[in-house]
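1. Starting from these lines, generate the structure:
(chains A and B)
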Amino acid sequence: MAAGSTYTPIATTTLGSNAASYTFSSIPSTYTDLVLIVNGEVSSSTTVSCQINADTGTNYSTTEIFSDGTTASSFRISNNAQIAVMGIGAQTSSGYPFMSILNFQNYSNTTTYKTVLGRTNQANLGVNAIAALWRSTSAINSIKLLGYLGASGFTAGTTFTLYGITAA
Amino acid sequence: MSPILGIIASQNYPRITGSYESIATTTVGAGGSSTITFSSIPSTYKHLQIRVLGRVPSFTIITFQVNGDTGNNYSIHNFGGDGSSTYVGATSSYSFGGAGVLSPATSTFSADIIDILDYTNTSKYKTFRTLSGYDANGSGRIELRSSLWQSTSAITSIVLSTDSGGAYQQYSQFALYGIKG
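-> Have a look, this model is predicted:
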């Protein structure tokens, strides 16, 4: 069996001031999977969302399980203009840190639609897991994180990190 | 959360290499494949991770057997959602373990991340933990699943099949990684 070291940092940013969104652009196509980690806060309650390759069309859908510590629920939003990373069940709230880990597997292939697998935790709100779809066979070359509802975005100090994983 | 060991953002620190390594990858061809086998797994890592992108003719789950063990030495728990309601399940003394959902939708693949911690330890049973799901714009599943292999043997091989017996379809991909500890 072949063996090779991988899980390579591609880029990272820590916001110096509040920002409505953050975009990883010019993502190299040389990896197999991408792992995107966000650790920070939103400036006001919102649905933390994700768009790919600047596609603002209704080409996304998300299936979610969510629990607030009292109730477990499942939601779906289809034909949407973004992936709902956290917030179908309950909006990510301000004043408390949250962390999301999103996996984009086989992101550079041009044969299949793109599946995104993720988990988000916000201690005062709850935990979720999502499976999402971007209905495009294009290779992923940019990923935008944004706060979809209202005028929210991410606060200063929020960190965005992107890793690449290469299969043998 | 997938295990993350020794991963540091490159902006502030020297690049760290060698803690997460690719061992083997299989991509299914045009004829499909009913099983995927990882054999002769090296014992030099602390943990394993299998990353799957999978599609099958009709909805089912990934099943697995370890080291050729076909006995009733597996148990499974799962918690998931189908977009409208949640579901739970448990099975014990089973002849295979369960490791994630598979998409039946055209051009749409499930993503499954399977973590196997401490796989060479000869004092512990082995736990498989999976985050998996797919969304097909109107259908889909998202699921957490864990399985137990009731054996203290070090894991040397893993065979992945499907519960329904349906074959993995073309472009399904299975990648095995080792994590050093």
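2. Under the pLDDT cut-off, which ranges of chain B? List them.
-> Counting by pLDDT under 70, the ranges of chain B that qualify are B:1-17, B:165.
3. For it, which residue occupies the most central location?
-> Nearest to the geometric centre of chain B sits B:Ile114, at 3.4 Å (Cα atoms, centre = their mean).
4. show me the contacts for A:Thr159.
-> Contact analysis of A:Thr159 by Cβ atoms under 8 Å, 6 or more residues apart in numbering or on different chains lists A:Thr12, A:Thr13, A:Thr14, A:Leu15, A:Ile37, A:Val38, A:Asn39, A:Gly40, B:Ala9. Quick note: C-beta positions are derived from backbone N, CA and C, even for glycine.
5. Look up the residues forming beta bridges with it.
-> Legend: beta-bridge partners of A:Thr159 under DSSP bridges are A:Thr14, A:Asn39.
6. Out of the contacts of A:Thr159, the closest to B:Val56 would be?
-> Nearest to B:Val56 among the contacts of A:Thr159 is A:Ile37, at 30.2 Å by Cβ to Cβ.
7. Could you give the secondary structure assignment for that closest one?
-> For A:Ile37, the assignment made with DSSP: H, G, I helix; E, B strand; the rest coil gives strand.
8. That one against A:Ile101, yeah?
-> Yes: if you go by Cβ atoms under 8 Å, A:Ile37 and A:Ile101 touch, sitting 5.3 Å apart.
9. name the element residue 76 belongs to?
-> Just going to use chain A. Element membership of A:Arg76 [criterion: DSSP states H and E] is strand A:72-80.
10. my bad, the chain I had in mind was chain B
-> strand B:74-81.
11. Packing partners of that strand?
-> Helices and strands touching strand B:74-81, as assessed by 3 or more Cβ pairs under 8 Å, 6 or more residues apart in numbering or on different chains; DSSP states H and E, comprise strand A:60-67, strand A:72-80, strand B:86-94, strand B:97-102, strand B:140-149.
12. okay, the ones you listed in a markdown table with mean neighbour count and distance to B:Thr27 next?
-> Shown next, in a markdown table, are those (neighbours: other Cβ atoms under 10 Å in any protein chain shown; distance: least, Cβ to Cβ, whole Å):
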| stretch | mean neighbour count | distance to B:Thr27 |
| --- | --- | --- |
| strand A:60-67 | 26 | 25 |
| strand A:72-80 | 19 | 29 |
| strand B:86-94 | 12 | 29 |
| strand B:97-102 | 28 | 15 |
| strand B:140-149 | 24 | 23 |
